[in-house]
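Colleague: Predicted model and sequence follow; I will ask about them next.
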Amino acid sequence: MLSNIVLKVSHSVLSSMKTHYADDLTAKLPTGAVFCAKRNGCTITAYKSGKVLFQGNSAEQESKKWEQDSLPSEKKSSMSKGSVLPSGFSSLSVVGSDEVGTGDYFGPITVVAAFVRKDKILDLKHLGVQDSKQLSDQRIIDIAKQLVHTIPYSLLVLHNEKYNELQKNGMSQGKMKALLHNRALLNVLHKISPEKPDAILVDQFAEEPLYFRYLEKEKEICKENVYFQTKGESVHIAVAAASILARFAFLREMEKLSKKAGFTLPKGAGSIVDEAAARLIAEKGEESLNYFAKRHFANTEKALRLIK
């Protein structure tokens, strides 16, 4: 399924993008465009206004490389807000799933599915469960340490070495996420069996038809009563709980990687990350990135330029 994603970036980032796509630039430019490039089935069109349009099957994957450098208030996607939910959804017993680490250069992708029974909703609210993006790292750790003993959940960690192998073989980040969400959801359903949730809510990262297309070769697919919502953590506390547990796992993995690196690896994909990547390359060699980072991100090229 084709998708369109628009990011708004500064003029300096626009210049970096043009350099990054230098080998893939097209001769024809739409009106008002600064450059147009085609890479990996994605057309990237950058405009003088700072808006950059990503179109094609790998639009999500390609735009992820630049999300951290974009201006947050301008980020938008053509993706729908999600499924039509049953009435009273927030008070149902729900399995929710969410992921962390997809936009971070260093560290793995962590995915968690968590089951919150309706009689546990109030307990979780009292614990302080909410969108993990609104919580400090320390608060996430404090809440997660209690959550792990409170609700059934499944955690999956896609480490960088495996991520880079899959990516190199042509798998999009969207498909990786779909496979991880599906497996985590199935794990939780198996854990709570014979009990069944009223519904399953996936924090939406792809349109529903595309999500299931990613899974078409899987032997077991979780599809009964599955709903999709962007900002799912505001729709049901199960997604918020999954988000906190996924963030907690990501923080622990980042701590382990930092110990191996010999210095603290920063989160995100900004300029401070470029500097850390350059230091890693200088101290441990470029191949070490395979273990520590998502190598296809733009940060790799930026880091290599820093040490030249």
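Modeller: Received it, and whenever you're ready, just let me know what you need.

Colleague: just for the stretch 101-250 of the chain, where's the confidence low?
Modeller: Scanning the stretch 101-250 of the chain for pLDDT under 70 picks out nothing.

Colleague: And the strands in it?
Modeller: Secondary structure of the stretch 101-250 of the chain (DSSP state E, counting those that start in this stretch): strands located at 109-116, 153-158, 199-203, 226-229.

Colleague: Distance to Q134 added to those strands, as a markdown table?
Modeller: The way it works is simple: take the backbone N, C-alpha and C, and place the C-beta from them, glycine included. Formatted as a markdown table, the strands of the stretch 101-250 of the chain follow (distance: least, CB to CB, whole Å):
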| stretch | distance to Q134 |
| --- | --- |
| strand 109-116 | 17 |
| strand 153-158 | 20 |
| strand 199-203 | 15 |
| strand 226-229 | 17 |
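
Colleague: Could you point out which of these sits nearest T300?
Modeller: strand 109-116 (17.2 Å; CB to CB).

Colleague: Within its sheet, name the partner strands of that closest one and how each one runs.
Modeller: Here strand 109-116 has these sheet partners by DSSP bridges: strand 94-100 (antiparallel), strand 153-158 (antiparallel).

Colleague: Name the nearest residue to L25, sequence neighbours excluded.
Modeller: Leaving aside its chain neighbours, L25 sits nearest to A37 (5.1 Å; criterion: CB to CB, 6 or more residues apart in numbering).

Colleague: What residues sit buried inside the strand or helix carrying that neighbour?
Modeller: When elements are assigned from DSSP states H and E, A37 belongs to strand 33-39. Within strand 33-39, the residues scored as buried using 16 or more other CB atoms under 10 Å are 33-37.

Colleague: Kindly report the same for stretch 12-22.
Modeller: Quick answer for stretch 12-22 (16+ other CB under 10 Å): 13-14, 16-17, 20-21.

Colleague: Ok, stretch 88-105 next?
Modeller: Judged by neighbour count using 16+ other CB under 10 Å, the buried positions of stretch 88-105 are 89, 92-105.

Colleague: quick one, which of the strands paired with strand 109-116 is nearest to E216?
Modeller: Here strand 94-100 is closest among those (CB to CB), at 19.0 Å.

Colleague: Now that closest one: average pLDDT?
Modeller: Across strand 94-100, pLDDT averages out at 96.

Colleague: Can you tell me what sits against that strand?
Modeller: The contact list for strand 94-100, computed with CB atoms under 8 Å, 6 or more residues apart in numbering, reads 109-116, 132, 177, 180-181, 184-185, 188-189, 197-203, 205, 232-233, 236-243, 246-247, 249-250.

Colleague: Same question for stretch 296-308.
Modeller: So stretch 296-308 is contacted by 16-17, 20, 64-66, 105, 164, 167, 269, 271, 273-275, 277-278, 280-282, 286, 289, 293 (CB under 8 Å, 6+ apart).

Colleague: could you redo the last one with a cut-off of 7 Å?
Modeller: Stretch 296-308 is contacted from outside by 20, 65-66, 105, 167, 269, 273-275, 277-278, 281-282, 289, using CB atoms under 7 Å, 6 or more residues apart in numbering.

Colleague: Helix, strand, or coil at I44?
Modeller: strand (DSSP: H, G, I helix; E, B strand; the rest coil).

Colleague: would you list the buried residues of stretch 12-22 in a markdown table and tack on pLDDT, distance to L158 and secondary structure?
Modeller: Shown next, in a markdown table, are these (pLDDT from 0 to 100; distance: CB to CB, whole Å; DSSP: H, G, I helix; E, B strand; the rest coil):
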| residue | pLDDT | distance to L158 | secondary structure |
| --- | --- | --- | --- |
| V13 | 81 | 27 | helix |
| L14 | 84 | 31 | helix |
| S16 | 82 | 27 | helix |
| M17 | 87 | 27 | helix |
| H20 | 84 | 25 | helix |
| Y21 | 85 | 27 | coil |
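
Colleague: Let me have the residues you listed in JSON lines, adding distance to V148 as columns.
Modeller: Output for the buried residues of stretch 12-22, formatted as JSON lines (distance: CB to CB, whole Å):
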{"residue": "V13", "distance to V148": "39"}
{"residue": "L14", "distance to V148": "44"}
{"residue": "S16", "distance to V148": "41"}
{"residue": "M17", "distance to V148": "41"}
{"residue": "H20", "distance to V148": "41"}
{"residue": "Y21", "distance to V148": "43"}
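
Colleague: Of the contacts of strand 94-100, which qualify as buried by neighbour count?
Modeller: 109-116, 132, 177, 180-181, 184-185, 188-189, 197, 199-203, 205, 232-233, 236-243, 246-247, 249-250.

Colleague: Ok, which of the strands of the stretch 101-250 of the chain comes nearest K260?
Modeller: Here strand 153-158 is closest among these (CB to CB), at 15.3 Å.

Colleague: got the CA coordinates for that closest one in CSV?
Modeller: Extracted in CSV, the C-alpha atoms of strand 153-158 (Å, rounded to 0.1, in the frame of the first residue of the first chain):
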residue,chain,number,x,y,z
TYR,A,153,2.4,-8.9,29.3
SER,A,154,4.8,-10.0,26.6
LEU,A,155,8.0,-8.2,25.7
LEU,A,156,9.9,-8.7,22.5
VAL,A,157,13.3,-7.1,21.8
LEU,A,158,14.6,-6.7,18.2
